[in-house]
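K.L.:
This is the structure alone, sequence omitted:
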DNA sequence: CCTGGGATTTTCT
DNA sequence: GAAAATCCCAGGA
């Protein structure tokens, strides 16, 4: 059985780039009434400071971006392309705008609606080659991208500004048994930020090697 | 394999 | 009025 411990204030106080790596392998927990959705974080991107041209905060504090200036451990959620939401974890000291975009999740369990088997029978995803998944669950299909995971986990602007340290609806947790080693982490350019001048080349995307839920290699 | 366009609406100039 | 931290699908090589 998966034993999860909620992540506390100190976890969020790490610098943005350390925290981005530390987020890999941690769990996003979403409670909706009596139901709980859980997904392992497998891909993230860092957006750091007012000079990062790819960051919404590069043009200062606005109605939308004010959440990025909040204290670490706050959820920053915005609408993108009129159709999707994106979930970020605010980092750094209050008043310094930085956040980490959650780009992909590996669902752990429990999309209850259709009576479908949870596909991962052998659950600790070992490094060993698991043969192809039989029936992908709904969540599996729907959480391999920043917009899709918000859809699957029913995350929208109502949760913008939520404090992940105290929230009953949305938080992060770890399985103390599970450790991610640096060799499992791959660094890459961020997606969809070609407009960002030289900041578009920054290797501020991190993902778990060989994880099938990563949005792009 | 890759490239390009359309959907759709909030946000900021 | 233009752009956007996306996604999906169609069409070409």
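P.N.:
Perfect, I can see it now. Model, not experiment: these values are computed from the prediction.
K.L.:
For chain A, which residues are neighbours of DNA strand B?
P.N.:
A:56, A:59-60, A:62-65, A:78-79, A:81-83, A:157 (Cβ under 7 Å from any atom of the strand). For every residue, glycine as well, the C-beta is placed using N, CA and C.
K.L.:
so can I have JSON lines of the residues you listed showing distance to residue A:167, neighbour count and secondary structure?
P.N.:
As requested, the residues of chain A next to DNA strand B are arranged in JSON lines below (distance: Cβ to Cβ, whole Å; neighbours: other Cβ atoms under 10 Å; DSSP: H, G, I helix; E, B strand; the rest coil):
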{"residue": "A:56", "distance to residue A:167": "22", "neighbour count": "18", "secondary structure": "helix"}
{"residue": "A:59", "distance to residue A:167": "28", "neighbour count": "10", "secondary structure": "helix"}
{"residue": "A:60", "distance to residue A:167": "27", "neighbour count": "11", "secondary structure": "coil"}
{"residue": "A:62", "distance to residue A:167": "24", "neighbour count": "10", "secondary structure": "coil"}
{"residue": "A:63", "distance to residue A:167": "22", "neighbour count": "6", "secondary structure": "coil"}
{"residue": "A:64", "distance to residue A:167": "21", "neighbour count": "14", "secondary structure": "coil"}
{"residue": "A:65", "distance to residue A:167": "21", "neighbour count": "18", "secondary structure": "helix"}
{"residue": "A:78", "distance to residue A:167": "18", "neighbour count": "16", "secondary structure": "strand"}
{"residue": "A:79", "distance to residue A:167": "20", "neighbour count": "15", "secondary structure": "strand"}
{"residue": "A:81", "distance to residue A:167": "26", "neighbour count": "8", "secondary structure": "coil"}
{"residue": "A:82", "distance to residue A:167": "27", "neighbour count": "5", "secondary structure": "coil"}
{"residue": "A:83", "distance to residue A:167": "25", "neighbour count": "8", "secondary structure": "coil"}
{"residue": "A:157", "distance to residue A:167": "15", "neighbour count": "12", "secondary structure": "helix"}
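K.L.:
Closest to residue A:183 out of the residues you listed?
P.N.:
residue A:56 (32.6 Å; Cβ to Cβ).
K.L.:
residues contacting that closest one?
P.N.:
By Cβ atoms under 8 Å, 6 or more residues apart in numbering, the residues touching residue A:56 are A:47, A:62, A:64-65, A:68, A:78.
K.L.:
Grab the nearest non-local neighbour of residue A:199.
P.N.:
Closest residue to residue A:199 apart from its sequence neighbours, by Cβ to Cβ, 6 or more residues apart in numbering: residue A:53 at 4.4 Å.
K.L.:
Might one say that the one you found is in contact with residue A:197?
P.N.:
Yes. Under the criterion of Cβ atoms under 8 Å, residue A:53 makes contact with residue A:197 at 4.8 Å.
K.L.:
which stretches of chain A form strands?
P.N.:
Listed in chain order, the strands found in chain A under DSSP state E are A:5-6, A:27-32, A:35-48, A:75-80, A:84-90, A:98-109, A:170-174, A:185-188, A:205-208.
K.L.:
ranking those strands by burial, who's on top?
P.N.:
Ranked by average neighbour count under the criterion mean count of other Cβ atoms under 10 Å, those are headed by strand A:98-109 at a mean of 25.
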